[in-house]
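Enquirer: Fold the following and give me the result.
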Amino acid sequence: VVNLVQSVALNSSGEHASLEQILQANPDDKYLLSDVDQQLLVKIVFKQPVVLTHLVFRADMGPQEHAAAKEKEGKEAKEGEADLEASGPRDVKVYSNQEGLDFGEAETITAAQELNVTDKQLSGERVMLRGSRFQRCNSVQIFISENQGGKPYTFLNRISLIGRPAAYV
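Expert: Residues are numbered from 1 along each chain as shown. Next up, the predicted model:
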């Protein structure tokens, strides 16, 4: 249902996982990492209108955890990976059908829903969306403004969207 060609993660580092990789099952815990600061703007476009009911975030294996796991296995981590200080998202704004949204607008216009994501929710717990605001979505925009630890970078291992195709009237 997701149009991966038109979906994008703005301010993400190209050196790690892509948006496509974290929207799918991710058993290797690859991570999408912000590039220059904590902010990420994830824009997901659907092939047909959907009704979204929940979001699921997973952020439990960031750069430092990856480097430590590789070292434990006797493998070499990517250069500089162990020094990247990152944590999962905390302050998240979710928008519906705002395809042209940019960082400036994300900071100023009213979101369909604002979330304060907890550590527990970053382990895959479902976050309920307000039903009336996410009916017949052609796209959803997820703006992460701050992360859990106030670290320089934000990472995500997985984003799941739960819902169903919108019924045609």
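
Enquirer: you'd agree residue 132 is in a helix?
Expert: Yes. According to DSSP: H, G, I helix; E, B strand; the rest coil, residue 132 belongs to a helix.

Enquirer: Counting neighbours, what do you get for it?
Expert: 7 (other C-beta atoms under 10 Å). (Each C-beta comes from the backbone N, C-alpha and C, glycine too.)

Enquirer: What would the lengthiest helix in the chain look like as CSV? C-alpha coordinates only.
Expert: Among the segments of the chain that qualify as a helix by DSSP state H, the longest is helix 63-72. Coordinates of each C-alpha in helix 63-72 appear next as CSV, following Å, rounded to 0.1, in the frame of the first residue of the first chain:
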residue,chain,number,x,y,z
PRO,A,63,24.9,3.4,16.0
GLN,A,64,26.7,2.7,19.3
GLU,A,65,24.8,-0.5,19.9
HIS,A,66,25.5,-1.7,16.4
ALA,A,67,29.2,-1.0,16.8
ALA,A,68,29.3,-2.9,20.2
ALA,A,69,27.4,-5.8,18.7
LYS,A,70,29.8,-6.0,15.7
GLU,A,71,32.8,-5.8,18.0
LYS,A,72,31.4,-8.6,20.2
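
Enquirer: what pLDDT, on average, does that helix get?
Expert: Here helix 63-72 scores 86 as its mean pLDDT.

Enquirer: Now do the buried residues in the lowest-mean-pLDDT helix or strand in the chain.
Expert: Between all helices and strands in the chain, the lowest mean by mean pLDDT, DSSP states H and E belongs to helix 63-72, at a mean of 86. Using 16 or more other C-beta atoms under 10 Å as the test for burial, helix 63-72 gives 63-67.

Enquirer: Give the next helix or strand downstream of that helix.
Expert: Once the chain leaves helix 63-72, the next helix or strand it forms, by DSSP states H and E, is strand 86-87.

Enquirer: on contacts alone, who are the packing partners of that next one?
Expert: Counting contacts by 3 or more C-beta pairs under 8 Å, 6 or more residues apart in numbering; DSSP states H and E, strand 86-87 packs against strand 153-156.

Enquirer: Run through the bridge partners of the spatially closest residue to residue 18 that is not a sequence neighbour.
Expert: With sequence-adjacent residues excluded and distances taken as C-beta to C-beta, 6 or more residues apart in numbering, residue 18 is closest to residue 32, at 7.3 Å. When bridges are called by DSSP bridges, residue 32 pairs up with residue 156.
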